[in-house]
Each structure stands twice: as structure tokens, then as C-alpha cells.
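In: sequence first, then the predicted structure:
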Amino acid sequence: MFADATIRANGGEIIIEVRENPVINRIILEGNKRLKEDKIRPEIKLAPRQIFTRSKTRADVTRIIELYRRQGRFAANVEPKMVQLDQNRVDIVFEIDEGPKSKVRRINIIGNEKFKDDKLRGEMATQQANFTNPFASRTSYDADRMAFDQAKMRQFYLTQGYADFRVVSSVAELTANKRDFIITYVVEEGERYKFGEVAIESELRDFKPQPTLVPMKKGDWYNAKQVEDTVESLTESAGLFGYAFAEVNPNFERDKETLTMNLTFKIGDAPRVYVERIDINGNTLTQDKVVRREFRLAEGDAFNSFSVKRSSDRIQSLGFFQEKLEIEQKPGSSPDRIILEANVEEKSTGELQLSAGFSSLERFIFNFSVRQRNFRGKGQELRASASISSFSKSVELGFTEPYFLNRNIAIGGDIFRRDFNSFNFVGNDRNTTYEQVTTGGQIRAGLAITEFWSLALRYGLNYDEITLDRNQFFFNNQCDPLLAGRYLCDAIGNRTTSSLGYSLVFDNLNNRIRPSAGQRMVFSQDLAGLGGSVKYLRSRLNADKYWRVLGNFIFSVGVEAGHIMPFGKSRGANVDRVRINDRFFLGEPEMRGFDIRGIGPRVQRVFYNAGTNVLNTDRNNINDDSLGGRYYYKGRAELEIPLGSGAFELGLRPSLFLDVGSVFGIKRPQLIGTATGFFKDVNNDGIPDPETRPIRDSAGNALFTTPVVNNTGGVVTICPVGTTTGTTVASCTGTTVNTAQVNQTSPFEEFFLGDTWKPRLSVGFGVNWNSPFGPFRIDIAKALIKRAGDDTKLFTFNVGTQF
């Protein structure tokens, strides 16, 4: 309590003279930028209105410096200052010089002869700081990470057969300027061992594992990781027979003379286990039965480890709970009883989304949707959405009940209205061609056949209205092939599609949202013609398979194919019986590296240069209409690259991919050009002349314009000579010769391209990012194999936002 005290004698008196320590007025921190005050103040024991002491101040300085050291800033310095105030009060100021993060300048390894330093450093979490990784977080010194690196190095040697490997010592030296660390490991590699005799001894009466369950063979190099995996595999295999608590212990017998490791896996006796109880915790919104019905085990069943894993995957695939769900296995009331406990953590399943975005596919996009994937906690899905973009508009309502009447039968329905503006390309500009308005609905039902097989049934009724812009594509009140093309004129009209379909599904994916293992196959057929005006059979096959490879890499392949078979009578010569809006199309986004509808049969309209017989092959002046096809196939191979837990939490998922596919198989359309009687050489100069046609009124009469004389005339009439007030040419009177009104179409040639089964191939790199602004996808792809008429595209992206 006192800064100083003296005792002195004064005659017969003892005088004690003291000087009190000041009272702290406030604590001030200065210079802290990397660590906020709320992180530092809990370490400071001094407080306002306490008595100041130097010992407490020194202790606080030590704690602050230790806090910075835990952040990797060993050069940090704290200087306490005291500001005198009146009434024996002081302000305590901690002046902090944070300094730079102390990096690991070098990692030395002494004693390694079999593996180079760079190889061993690559196994460590800590990295050496250099100019190639200035922003890497793993270059800072961390004592815990250093211990982890020793374990990783030992693990590496044990997988290479060096069973006697050990780290003799590890030292981290701080340089004089406290900015860098030099880490030195002294190791002893020892000899390299091979597997000797490998055997399995099981005390379980009906579980006698075969030698095929053990991957290692006599003479193979010893691998500790392989031993661990085998222990896990044998434990799971015992679990399939109901032995949940079977213990598998590997017994090692090391022979240092022959450098072999004899190994015996001993499976101890254990009772067969039955499920005593299934507990579900944490489901505050979701009803208990929604989770319980996903279990592949019931209370009283014999325990089965595969069924437990499958149950975990099914619960995770619901999408109602946080990821990394595990079903804990706890001992029951007796040794032959087990309690399965699913500890779930609810996540939001309701979505109210208003999004705006831009994509290379639809240009500007606005979307509003309301969706509840766990309606009333019963697992039901209710959704409503509306969207508008440069080329489409839609409104949709839908409902799905996954367990109708508490049976494993899903039912649902949708009603919708979709407006779509199809398009062609003139150069890089996209122009609207036909407009399609679809109004309809669908009812659905699905049931499980087995654990992995299911059947879905559906009935749909759609009414389509397909029109063309009359100002752009009509002439004399009729669709004009010279303006629109015969293939578009054949598409217009109103039609009703009544279809019945089914899908046969095999699905054993470990997660339907973000799978990393398993496969899914869907075979679908839809028969249109149960009433309505459209008749066809559409068949499709989709299959995908996923593997986890090279640690956390996810490799997947997918194949897809389809065919549509028309029924009914012919629609005319050179007219395919499958209408253009029912055909298959390929391109962005299905085939990366190609433009929208950039693959398959198409008609390109190429114009002649004015006054010549030379075609203008400049891509920017060519009309490109994609026609689609009756057949298509597509395949992909993709490798998803892991970026660590931080990138995973940000939603970053980069991948390398390969796409291959084709669409083909339609009747060759009747083309327009000089070979089919258009643009005849009237002047006999070898140059195609424009197609000239009279303009007619609604009654079919040719129209003329009267001459302009003294600012009068210029009247439209049906009379070649004279004028009339009637409605027929016979009523014309007068002698004035009128000028015919005509329409001239510049000469061009049409070419039919791309109708081939031969594959197109592209490779590229893409990134998915669940950004704060909404989903973002970017792809850079190069078309390696293409065919005549195909449209390629190197770069595509899609981004949206939520607010």
C-alpha cells in the first residue's frame, strides 16, 4: 500500500513516515492493432480504484507479452507508463509495440539418410517462410504445431516400414532480433522392416474372418497406417455380425535379425449386441419421427454397423441438421445391449430469398422464392417462386409429403406458368426467335422398393403456346420462311401435352447435398399422348459415381443419355416429327467450353456481300439457329480439390473437369438458297439478286402507291393503274400508273451443320463459392474437339445476391 516508509527516533518518540502508493484512475492501452482490447483486458489484473503496485504491473506486462507470443509475435514489447494526476491518482498506460509475426526461417533435420529434407518438410504442417508464400499462415511458429509435426514425421516413417524411427530431440531457437525461428530436429531412422507372418485369431464364435480381409502380405514393406485401417475394417466387419463392442488388437513380434514384423490380429470375445434404445437429442423443431424413420435399425434389432452408418447418411441427407453428424454408440443396461444416440443440431430450413444476379446464360436475373424444406417440423416441403430474366419468366407453386400416411410413400404436386423466349445468334448478339408460354401442372408419387432402389411416378398436363414476332417474321400475315426459316414456321402453334412417366432410381450416395462417396442412377421414361395433341416417348438415363481419393480429393464421373421417339403422322416433307421445343439441346451450362445451345444440329444463314457472289463468312454477320436433336449423350469427369477447413467454411470448392458429349439425329430441314430456287440471277451477271415479292393487304390484293404530283398523291391503293373507292381491282378507274409496293430480301445461303454423333470434348477449371452475396460459379474451359458449326466459349460465370 505504500511507495516508501521511514522510521526514525525523535527523543522519546518513534516517528513512522509513509508515502502512499497512488490510486489507479484508469487503464489505457496504446499501439494494439492486431489484438483488440477485449482480448487483452482479461489478462490485466490492475483495475481502476485499486492501489498501484509495481509488482502487479510487471505481472500484467508478462501476461500481455505471453498473449502476443501465443499469437506468434515474439518480438512484441510492452512498456508501462504512469501519468501522475492530482489527489494522488495515476493513469496506467501500456504502450504496446506488437512487432511482426515471428516466422519459421528454416527447418533443419539431422540424421535422415533415406529421405531428403524437402520430402520430410512436405509432411509437416509448419512451412518455411520465403518469397513464394508471403501470406501463408503456417509459416508462423507454434509450439503445438511443432509437436504435431513430430507426430506427422513419425507417422510418415511408420508407413514406409521404419518401425524403430524416433525423434531424438527438437529445438526451436529464436533469432537475436526475435523475428525468426530456426527449428532443428534430430532423428534416428532405424532399419526398414517387412511384414512377416500375418494371421487373424477370432474368439467370436460365428465370425471367422477370411485372410482376404487382411490386405498386407508376407514380404510387403511394413506400413502402420495399413495396420490401423485393417483394425478398423475388422471392427466394422464384426459389427455387421452384431458385435458392437468387439476389440481388435494387433500383436507385433519384431525380428531384428531378419528385419521382419510378424503380426497377429486378435479379436476378443464379446457378446452379440442388440439395440436397447434409440435416443434423439437436439431436434427442437423437427419431430422425433422424422429422424427416427431414417434409422435402418429399430429398437430390439441386432446391431449392425453398416445399418448405423447408413442411418447417419440418411439423416444427414435430409438437410435439416448441421454437417458431421455422428450416431454415438453407448453401452446399454447389460453387456449385450447398446444405446444409439443421435445428437443433432438444427439449422435453418426456411428460406425467404430475394436475389438479383447476372449470368452469361440469362443475363440479368431477378428471383423471389419462399421455401420451407421442413414444413411444420414434419419433413414436408412447401415452396413458391417467381423469377424474371432477359429471356424467361416463371411462377411456380409446389408441395411434397415424403411419408404419406406415415408410410414410405412420397406424394407431391406442382403448378406453374413459364414464359420462355427462344433465341438465335447473329455473331455474339442473342436475338429472340419464338416465344413459348407453358401453363400446366404435375402430380408425383414415389415409393421405396429396397434400401437403395426407389420408383417415382408422375402425370403432367401442359398447354404450350408458341408464337413468332409478327413484325419481325411475318409477311403478308403469314410466317415467312425467308425471314424466319422453315424450321421456325413449322414450330408455331398451340398444343396440349398429356404425359405419364416413371423414374427408376438407385441411390446409395453418402450425402445427397454434397456427396463424396456412392453412386446414383436414374432411368426415366415419359409417354405423351394420353390425350392432347403431342405424342412421343422420351427416355433418359443419368448415372453419377463419387470416390474420395488421395485423402480429401473427391473424384466423380457422370454419364447421361436420352432419346425421344415421336408417334403420329408426318408433319410434312423435310419436317421432323419432334417439335423443336420438345428436342434435346446441349451447351452451356451442361457442356462447359461451349456456348448456350452451342452443340448439335443447326442452320446457319450466311448472306452474300452486296453486289457480289461472295458469301460474307464473318461470324458477326451469320444467323445461327440451334435446332436440337432426338438423341444426346454426355459424360463428365471432375476432381474437386480440397482447400482446408477455412476454405470449406467459406464455401470455396475448386475443381478440374472434363466434359464430352453430342446431340444429333433430326430430319434434314428444307434449306433456302440459290440451289432451292431462291435469289435467281435475273440480270444474268452471275450475281444472285434479292428476292422481290409484292406486299398484299389482308384480302390478298397487291398494294401500289400513286405518284406524288404537286405534293399530292402517295396514296396506297390496290389498283395498278388509277384509283378506286371499292374493294376490288375491277372497280379501278383512271390512267395514272402506280408503283408496286414490294419487299426485297437480300440473298443468302442456308447450311445445315452439326448433326453428328461424333463427340465434342472440353477440359477446364471451375470454382463454386457460397459467397456473402449469394452463390457464385466461374468456369474456364477450352474446347479440344469440336465440329463444324459448334459455338465455343472460354469463360462463363454466374453470380447472385441475397438481401
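Out: Perfect, thanks for sending it. Predicted model only: the values in this text are computed from it and were never measured.

In: low-confidence ranges in the stretch 551-700 of the chain?
Out: By pLDDT under 70, the low-scoring segments of the stretch 551-700 of the chain are 644-651.

In: which parts of it are strands?
Out: 553-566, 602-607, 623-626, 631-640, 652-664, 691-694 (DSSP state E, counting those that start in this stretch).

In: wait, which of those strands is closest to G242?
Out: When the strands of the stretch 551-700 of the chain are compared by Cβ to Cβ, strand 553-566 sits nearest G242, at 32.4 Å. Every C-beta, even on glycine, is put in place using the N, C-alpha and C of the backbone.

In: tell me what that closest one is packed against?
Out: strand 536-549, strand 631-640 (3 or more Cβ pairs under 8 Å, 6 or more residues apart in numbering; DSSP states H and E).

In: deepest-packed of those, please.
Out: strand 631-640 (a mean of 19; mean count of other Cβ atoms under 10 Å).

In: what sits up against that one?
Out: Residues outside strand 631-640 that contact it (Cβ atoms under 8 Å, 6 or more residues apart in numbering): 553-563, 584, 586, 590-591, 600, 653-665, 757.

In: which of the strands of the stretch 551-700 of the chain sits most buried?
Out: Of the strands of the stretch 551-700 of the chain, strand 623-626 is the most buried (mean count of other Cβ under 10 Å), at a mean of 23.

In: only the C-alpha atoms, please, for that strand, written as CSV.
Out: In CSV, the C-alpha atoms belonging to strand 623-626 read as follows (Å, rounded to 0.1, in the frame of the first residue of the first chain):
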residue,chain,number,x,y,z
ASN,A,623,-27.5,-16.0,-88.3
ASP,A,624,-27.1,-19.2,-86.2
ASP,A,625,-30.2,-21.2,-85.2
SER,A,626,-29.8,-24.3,-83.0
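
In: parallel or antiparallel, list what pairs with it.
Out: Sheet pairing of strand 623-626 (DSSP bridges) gives strand 409-426 (antiparallel), strand 602-607 (antiparallel).

In: could you dump those to JSON lines with distance to V273?
Out: Formatted as JSON lines, these follow (distance: least, Cβ to Cβ, whole Å):
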{"stretch": "strand 409-426", "distance to V273": "32"}
{"stretch": "strand 602-607", "distance to V273": "64"}
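
In: and F2, what does it touch?
Out: Contacts for F2 (Cβ under 8 Å, 6+ apart) come out as V18, R19, E20, N21.

In: go with 6 Å
Out: V18, E20 (Cβ atoms under 6 Å, 6 or more residues apart in numbering).

In: export the strands of the stretch 551-700 of the chain to JSON lines and tack on distance to E341?
Out: As requested, those are exported to JSON lines (distance: least, Cβ to Cβ, whole Å):
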{"stretch": "strand 553-566", "distance to E341": "29"}
{"stretch": "strand 602-607", "distance to E341": "60"}
{"stretch": "strand 623-626", "distance to E341": "56"}
{"stretch": "strand 631-640", "distance to E341": "32"}
{"stretch": "strand 652-664", "distance to E341": "31"}
{"stretch": "strand 691-694", "distance to E341": "80"}
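
In: closest one to V83 among the ones you listed?
Out: Comparison of those against V83 by Cβ to Cβ identifies strand 652-664 as nearest, at 48.8 Å.

In: that older thread, quick one: closest of the strands paired with strand 623-626 to I513.
Out: strand 409-426 (17.6 Å).

In: now that closest one: mean pLDDT?
Out: Across strand 409-426, the average pLDDT comes to 83.

In: longest strand of the protein?
Out: strand 429-448 (DSSP state E).

In: for that one, buried residues please.
Out: Within strand 429-448, the residues scored as buried using 16 or more other Cβ atoms under 10 Å are R430, T433, Y434, E435, Q436, T438, G440, G441, Q442, R444, A445, G446.
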